[in-house]
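Novice: Pasting a predicted model and its sequence here:
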2 protein chains.
Amino acid sequence: MSDFRDANRYDVGVVGAGLAGLTATRELAEAGLDVVVLEARGRVGGRTVGESLSTGETIDRGAEWIGAEHDRVLALVEEFDLELSEQYGDGLDRVAVAGDLFEHEDRVQALPSESATELREAADRVESLRRDVPFETPRDAPEADTWDATTVESWKRETMETTAAREAFDAFVRAEFTVEPSEMSLLYFLTAVDAAGGLELATDSVSVTQQHRLVGGSQQLSTRLADDLEDVIAIRLNEPVRRIDRRGDDVTLASDDDTYVVSDAIVAVPPPLVERIDHEPPLPARRRGLGQRMPMGAVIKFVAAYESPFWRADGYSGSVLAADGIVAEVADGTRPNTDRGHLVGFVAGADAFEWSDRPLAERRERVLDDLERYFGTQAATPLEYVDEAWSKTQWSSGGYNAVMTPGTLTSCGDALREPVEGVHWAGSETALEGRGFMEGAIRSGERAASAVLDDAREQ
Amino acid sequence: MSDFRDANRYDVGVVGAGLAGLTATRELAEAGLDVVVLEARGRVGGRTVGESLSTGETIDRGAEWIGAEHDRVLALVEEFDLELSEQYGDGLDRVAVAGDLFEHEDRVQALPSESATELREAADRVESLRRDVPFETPRDAPEADTWDATTVESWKRETMETTAAREAFDAFVRAEFTVEPSEMSLLYFLTAVDAAGGLELATDSVSVTQQHRLVGGSQQLSTRLADDLEDVIAIRLNEPVRRIDRRGDDVTLASDDDTYVVSDAIVAVPPPLVERIDHEPPLPARRRGLGQRMPMGAVIKFVAAYESPFWRADGYSGSVLAADGIVAEVADGTRPNTDRGHLVGFVAGADAFEWSDRPLAERRERVLDDLERYFGTQAATPLEYVDEAWSKTQWSSGGYNAVMTPGTLTSCGDALREPVEGVHWAGSETALEGRGFMEGAIRSGERAASAVLDDAREQ
């Protein structure tokens, strides 16, 4: 390990070269600061990663959808002159719950009417509850303690009676948050719905957060940012930061290979990964508590490629919400410049824990069994099948995002964005708007960079 | 970092030199195996650590009490010819709840009768529920999913109405588990009560798990074990294990300084710390999920030393259960070979997060304010005051123990004890009996050692 005297000196050290870290880096570089980016993986992009299928289309193994109101992402798409494709939404959605397979253009209306009413009322109730939760200070909600002590599952059982409504809600929570309703605080759920801009449970067409996808894959946003920065910024891959030392006037970042002395650091990794770094002196108790109380969800994302999007011809949108197998949600993932059809879907929550450890061949068979039930025998024999079990990745250790367990927001939630002596926190989980999406990652990078620039101006 | 060719070769590598790791080491050494112990701290003992006061008595900054049925601990005490002292229990307990200060020889009877009845009925209800939870396979409980989806707080609100009963229960949960009732799964709570041998909420004397203390401090158990092993075993201090590689036939453990090749490893650290190690290949998804869903409690343990145990003369036992300040529980901690009197107590849960980050002087003042309320003005001016904020410790990152958040036991609980290709798990949290106590740590070490010996015999 390098000695202090050998250390490399930069204005700012950024930990993590995902969208949050790279956005922060760009802002800082544009302001004339000297930045080093330390990335654990051998690539940039974090939870965005593309894969080329045999026919040349790139699919997303990670984050994929861009919302209609995701301004920051859309600005980058325009800046880099990238191409968007629109999410296909025509035809019937299917909902597999309560031992039955329902279909309708609106997935809520697909349910038996009593269940549909329950689910709509539950969605209305969420909308009403979340209006009582202050956007920036959810701890100040009038019933914050009660809601934070309640699991989303307990709330569901109080709110809905029918199996179909409950199972559809389960599938929705798994698909949106990649955790079981039992794992998440109701208060955190309300803030997360708020941060996403509303509950996308009942829609008769494509969800507003799933409007677009990027032709060529989402990772391009990061690779393009990194390419642009290449001449002015050191991006060091395969250099996980092992220690952050705040004991001096400066902050020292140590990897296995080297040591960097910086005035400020931006840590742009998911909250539980912050705990994997040795912090000297130890982080504030609330911050450590948070790192242990905000687990990553569990998800396996899969893409199955077929000769054509045959379900469209059958009158189906490709959208499925399901609680009868291991797949929680399916969508039409067809890429624009191909004759092929793609189904993209998710195994999430407890099923993802179970199936992440099984061999790919078994997982493929089980997922295709589910797809066959929803789309007929053609779905059983794709030309290609790829998946990513995010819980098995060394440097995300889960996906899509970290969520707060009960009791966490009220006791440790304040620590999520609060800088600690020159160390700032970024990453989609720390965003107020667009949290959990690429949009949130970019916004969090902007916020962290501007806090660092404010600090620099004060000194 | 060392190259493989330089690696040190041992039969077994033990990570963590607390009671669990050292017990396992002794069993293995007695069976003739060659063991290396890698300890992150500069001392043995883990969550047991002694401190000498100015007058020479050693107090415990960490684990202190030994239960009447803690056979393994008592056997070690006898083997090492150590001296026990009995917990003082005469006189009146105090309970500070619902804006009042109650007193009685039995802390439940101290409460107004309606609240006392509620609390006793709640305790009976816990006893009845836990009989439905299979000891070794709690997932098989008839209502496992429902109970795991329910926070202890939600259950409390359903079960008790009066403020006094609710606050006494809160203080009890904080004192026993160092988390808020909102943070813990009801199912996990039931298994933890089971593993402790019952709910110690209602007792008219000293709790069965708090019968004895060790004269000279609990850490002696570990230092004596380590001393006995000194000649046959390498115990390497200040060597946190950074990477555990299971890719070959052997297991490789890497610290910052060295690399060790072993046939089996025993990781005897709290569950969340397992996630701080790089595992190659990544651990099973459930195991990783568990590491992110089993946070350490938060606790500040304090000892205040006075010229005499003046509360005894006033007719008080020294025992307080409180929800009116930041202190959750106080006990008489007087050491036998001194005229002095000691009060030992705990700030736990959300208050511990808040106060761990404040300066010692502020914390001292706040704690002494509470003690003055319970014991009069004499309590405000101790001769000495020491405390330990366990959330701030680099290598425990909380205390007393890790607990499971809602939804965790049913989805990831199976991973707690399940070995992963030559890597075995120990530590008090993994114990079936005596979990959360020193007794559990010892038993877990015995279990892990015997699993390794079984493996060795099979090969």
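Specialist: Sure thing, it's come through. Residues are numbered from 1 along each chain as shown, chains lettered A, B, ... in the order given.
Novice: Find the helix or strand that the residue nearest the centre of chain A is a member of.
Specialist: When Cα atoms, centre = their mean is applied to chain A, the residue found nearest the centroid is A:Tyr400 (3.5 Å). A:Tyr400 is part of no helix or strand when elements are defined by DSSP states H and E.
Novice: Identify the residues contacting it.
Specialist: By Cβ atoms under 8 Å, 6 or more residues apart in numbering or on different chains, the contact set of A:Tyr400 is A:47, A:63, A:177-178, A:297, A:299, A:390, A:436. In this view, the C-beta of every residue, glycine as well, is placed from N, C-alpha and C.
Novice: ok, now A:Glu200?
Specialist: So A:Glu200 contacts A:176, A:207-210 (Cβ under 8 Å, 6+ apart).
Novice: Could you single out the nearest of those residues to B:Thr430?
Specialist: A:Glu176 (33.5 Å; Cβ to Cβ).
Novice: For burial, what's the neighbour tally of the closest one?
Specialist: Counted with other Cβ atoms under 10 Å in any protein chain shown, the neighbours of A:Glu176 add up to 25.
Novice: helix, strand or coil for it?
Specialist: helix (DSSP: H, G, I helix; E, B strand; the rest coil).
Novice: Need the nearest residue in space to it, chain neighbours excluded.
Specialist: Excluding its sequence neighbours, the residue lying closest to A:Glu176 (Cβ to Cβ, 6 or more residues apart in numbering or on different chains) is A:Glu200, at 7.4 Å.
Novice: thinking again about what came up before, quick check, nearest of the contacts of A:Tyr400 to B:Tyr88?
Specialist: Out of those, the member with the shortest distance to B:Tyr88 (by Cβ to Cβ) is A:Gly297, at 49.0 Å.
Novice: Who are the contact partners of that closest one?
Specialist: By Cβ under 8 Å, 6+ apart, the residues touching A:Gly297 are A:177-179, A:348-349, A:352, A:398-403.
Novice: Tell me which of the contacts of A:Glu200 fall in helices.
Specialist: Members of the contacts of A:Glu200 lying in helices (criterion: DSSP state H): A:Glu176.
Novice: Filter the contacts of A:Glu200 down to just the buried residues.
Specialist: Neighbour counting with 16 or more other Cβ atoms under 10 Å in any protein chain shown marks A:176, A:207, A:209-210 as buried within the contacts of A:Glu200.
Novice: Reformat these as JSON lines; add pLDDT.
Specialist: As requested, the buried ones among the contacts of A:Glu200 are exported to JSON lines (pLDDT from 0 to 100):
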{"residue": "A:Glu176", "pLDDT": "94"}
{"residue": "A:Ser207", "pLDDT": "74"}
{"residue": "A:Thr209", "pLDDT": "79"}
{"residue": "A:Gln210", "pLDDT": "84"}
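Novice: picking up where we left off before, any idea of the pLDDT on the residue nearest to A:Glu176?
Specialist: A:Glu200 carries a pLDDT value of 70.
Novice: That one in helix, strand or coil?
Specialist: Secondary structure for A:Glu200, judged by three-state DSSP, is coil.
Novice: what separates it from chain B, distance-wise?
Specialist: 23 Å (Cβ to the nearest Cβ, to the nearest Å).
Novice: hang on, the earlier thing: tell me the one of the buried ones among the contacts of A:Glu200 nearest chain B?
Specialist: A:Glu176 (15.9 Å; Cβ to the nearest Cβ).
Novice: What is the longest helix along chain A packed up against?
Specialist: The helix that spans the most residues within chain A, counting by DSSP H, is helix A:438-458. Where contact means 3 or more Cβ pairs under 8 Å, 6 or more residues apart in numbering or on different chains; DSSP states H and E, helix A:438-458 is packed against helix A:19-30, helix A:71-79, strand A:259-267, strand A:423-425.
Novice: Apply 10 Å and report the result again.
Specialist: strand A:8-15, helix A:19-30, strand A:65-66, helix A:71-79, helix A:186-196, helix A:219-229, strand A:259-267, strand A:423-425 (3 or more Cβ pairs under 10 Å, 6 or more residues apart in numbering or on different chains; DSSP states H and E).
Novice: got the ones you listed as CSV, with mean neighbour count, distance to B:Arg363 and mean pLDDT columns?
Specialist: Formatted as CSV, these follow (neighbours: other Cβ atoms under 10 Å in any protein chain shown; distance: least, Cβ to Cβ, whole Å; pLDDT from 0 to 100):
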stretch, mean neighbour count, distance to B:Arg363, mean pLDDT
strand A:8-15, 23, 31, 96
helix A:19-30, 26, 35, 98
strand A:65-66, 23, 48, 96
helix A:71-79, 17, 43, 98
helix A:186-196, 24, 28, 94
helix A:219-229, 21, 44, 98
strand A:259-267, 25, 28, 97
strand A:423-425, 24, 24, 98
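Novice: So for chain B, which of those sits nearest?
Specialist: helix A:186-196 (9.9 Å).
Novice: next SSE after the closest one?
Specialist: strand A:212-214.
Novice: how far away is the closest residue to A:Leu19 other than its chain neighbours from A:Ala268?
Specialist: Of all residues not flanking A:Leu19 in the chain, A:Ala441 sits nearest, at 3.9 Å (Cβ to Cβ, 6+ apart). Distance from A:Ala441 to A:Ala268, counting by Cβ to Cβ, to the nearest Å: 8 Å.
Novice: Mutual contacts of the two, please.
Specialist: Common contacts of A:Ala441 and A:Ala268 (Cβ atoms under 10 Å, 6 or more residues apart in numbering or on different chains): A:16, A:18-23, A:46, A:426-428, A:430.
Novice: Just flag the most distant two among the residues you listed.
Specialist: The span of the shared contacts of A:Ala441 and A:Ala268, defined through Cβ to Cβ, is set by A:Leu22 and A:Thr430 at 15.3 Å.
Novice: Who does A:Val299 form a beta bridge with?
Specialist: With DSSP bridges as the criterion, A:Val299 is bridged to A:Ala348.
Novice: Spit out the contact partners of the nearest residue to A:Gly440 once chain neighbours are set aside.
Specialist: Closest residue to A:Gly440 apart from its sequence neighbours, by Cβ to Cβ, 6+ apart: A:Ala431 at 3.2 Å. Neighbour list for A:Ala431: A:20, A:72, A:195, A:417, A:437, A:439-447 [criterion: Cβ under 10 Å, 6+ apart].
Novice: Nearest residue to A:Arg335 in space, please, no chain neighbours.
Specialist: Spatial nearest neighbour of A:Arg335, excluding adjacent residues (Cβ to Cβ, 6+ apart): A:Glu57 at 4.3 Å.
Novice: no no, A:Ser317
Specialist: Nearest to A:Ser317 is A:Gly91, by Cβ to Cβ, 6+ apart, at 4.3 Å.
Novice: Could you do A:Ile59 as well?
Specialist: Leaving aside its chain neighbours, A:Ile59 sits nearest to A:Val303 (4.7 Å; criterion: Cβ to Cβ, 6+ apart).
Novice: who's more crowded, A:Ala441 and A:Ala268?
Specialist: A:Ala441 (35 against 30).
Novice: wait, doesn't the more buried one sit right on A:Ala20?
Specialist: Yes: with contact defined as Cβ atoms under 10 Å, A:Ala441 counts as touching A:Ala20 (4.2 Å).
Novice: got the residues of the stretch 51-200 of chain A near chain B?
Specialist: Contact residues, the stretch 51-200 of chain A versus chain B (Cβ under 10 Å from any Cβ of the partner chain): A:145-158, A:179-185, A:187.
Novice: Check the stretch 301-450 of chain A too.
Specialist: So the stretch 301-450 of chain A meets chain B at A:349-358, A:389-395, A:397-398, A:402, A:404-408, A:410-412, A:414-415 (Cβ under 10 Å from any Cβ).
Novice: again, only using 8 Å
Specialist: Applying Cβ under 8 Å from any Cβ of the partner chain, we find that the stretch 301-450 of chain A lies next to chain B at A:349-350, A:352-354, A:356-357, A:389, A:391-394, A:397-398, A:405-408, A:410-412.
Novice: count of residues packed around A:Glu83?
Specialist: 13.
Novice: any idea which element A:Leu82 lies in?
Specialist: Counting by DSSP H and E, A:Leu82 is part of no helix or strand.
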